[in-house]
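Participant: Here you go, sequence then predicted model.
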Amino acid sequence: RRFRSPVELRNELERRLDRVVGEFTWQAPPSVLYHYTTWSGAEEILKNQLFWATAHDCTNDPAELKTADTIVLGVAQRLKDQMTGVCRKFLELLIKGLPETNVASVARIYLACFSAARDKDSQWTAYGDSGAGVCLGFRILSEAAPADGLDRALIRVRYCESEIADAARTSLDRICQELKRSLKRGVPTDRETQRHPLNALYRISGIAALAAKKPEWAAEEEWRIAVVVKPAADK
């Protein structure tokens, strides 16, 4: 059996954790998504071939990016009580740090919002100029992620607390299981190795925040492009 160096083991752990985070983020979108707007808004979109994303604290939802916080903390607390050793330690660090390091506090978040609903009265009323506007339909294409210092993703919004909790629980538990598996294979427990699982836990909590809204918004059937502008990208 070939000896695997600590670097190889650490890199494998990082790849596995990235896969868990990616699977939590990505869901197959509908073939077409819709955007309700005014005639002037539609003209600007079609003329410029772009959407403007809105800062999260300028949307019409006062609980934007806050809905999932208590849900994820509760999930992490219950999961921590089932864990021992290093996995318990990492979950404790997540629980301790999350209230002060949620996604909105460490990056600037912008949202471009769409709907899976093709012709819905509530959407016309709220966003389509009370029925006098336009509903634009866009076919969804597979595109490579940009390499411009921004993180962005097309995300389906979840409105059901149990669905948010179940998804977070599954992914947090998978991160712990990947860490246990890597420790059995001999991955070193140095600071560099420890950075990866904790980072993955925080990324799951951040994505949950981006993808969660309260049940009263469920009629929107929202899909959103979330753009995360990290501080380094502002320079």
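Facilitator: Cool, got the structure.

Participant: now what about the host helix or strand of V86, what contacts it?
Facilitator: Element membership for V86, per DSSP states H and E: helix 85-97. For helix 85-97, contacts defined as CB atoms under 8 Å, 6 or more residues apart in numbering pick out 73, 76-77, 79-80, 83, 172, 176, 179-180, 183, 189, 194, 197-198, 201-202, 205. All C-beta atoms are positioned from the backbone trio N, CA, C, and that covers glycine.

Participant: how far out from the middle of the chain is that helix?
Facilitator: Offset of helix 85-97 from its chain centre (CA atoms, centre = their mean, to the nearest Å): 20 Å.

Participant: after the helix ranked longest in the chain comes which helix or strand?
Facilitator: Determined from DSSP state H, the single longest helix within the chain is helix 161-184. Under the assignment DSSP H and E, the closest C-terminal helix or strand after helix 161-184 is helix 191-210.

Participant: Pull out the buried residues from that next one.
Facilitator: For helix 191-210, burial by neighbour count (16 or more other CB atoms under 10 Å) applies to 193-194, 196-198, 200-210.

Participant: what's the answer for stretch 61-72, then?
Facilitator: D61, E64, L65, K66, T67, A68, D69, I71, V72.

Participant: what's the helix or strand hosting the last one in contact with?
Facilitator: In this case it means V72. Element membership for V72, per DSSP H and E: helix 69-80. Applying CB under 8 Å, 6+ apart, the contact partners of helix 69-80 are 88, 91-92, 94-95, 98-99, 102, 161, 164-165, 168-169, 172-173, 176, 201, 204-205, 208-209, 212.

Participant: coming back round to it: could you check the angle the helix holding V86 makes with helix 191-210?
Facilitator: 50 degrees (axes from the mean of the first three to the mean of the last three CA atoms, to 10 degrees).

Participant: Now, of the contacts of helix 69-80, which are buried?
Facilitator: For these, buried by 16+ other CB under 10 Å: 91, 94-95, 98, 102, 161, 164-165, 168-169, 172-173, 176, 201, 204-205, 208-209, 212.

Participant: Output the contacting helices and strands for the lowest-mean-pLDDT helix or strand in the chain.
Facilitator: None of the helices or strands of the chain scores lower by mean pLDDT, DSSP states H and E than helix 103-106, at a mean of 80. Counting contacts by 3 or more CB pairs under 8 Å, 6 or more residues apart in numbering; DSSP states H and E, helix 103-106 is packed against helix 191-210.

Participant: angle of the helix it packs on against helix 69-80?
Facilitator: Using the same axes, to 10 degrees: helix 191-210 against helix 69-80 is 140 degrees.

Participant: would you turn the buried residues of stretch 61-72 into JSON lines with pLDDT and distance to L46?
Facilitator: Compiled in JSON lines, the buried residues of stretch 61-72 are given as follows (pLDDT from 0 to 100; distance: CB to CB, whole Å):
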{"residue": "D61", "pLDDT": "91", "distance to L46": "27"}
{"residue": "E64", "pLDDT": "91", "distance to L46": "27"}
{"residue": "L65", "pLDDT": "91", "distance to L46": "30"}
{"residue": "K66", "pLDDT": "90", "distance to L46": "34"}
{"residue": "T67", "pLDDT": "91", "distance to L46": "33"}
{"residue": "A68", "pLDDT": "93", "distance to L46": "34"}
{"residue": "D69", "pLDDT": "91", "distance to L46": "38"}
{"residue": "I71", "pLDDT": "94", "distance to L46": "39"}
{"residue": "V72", "pLDDT": "94", "distance to L46": "39"}
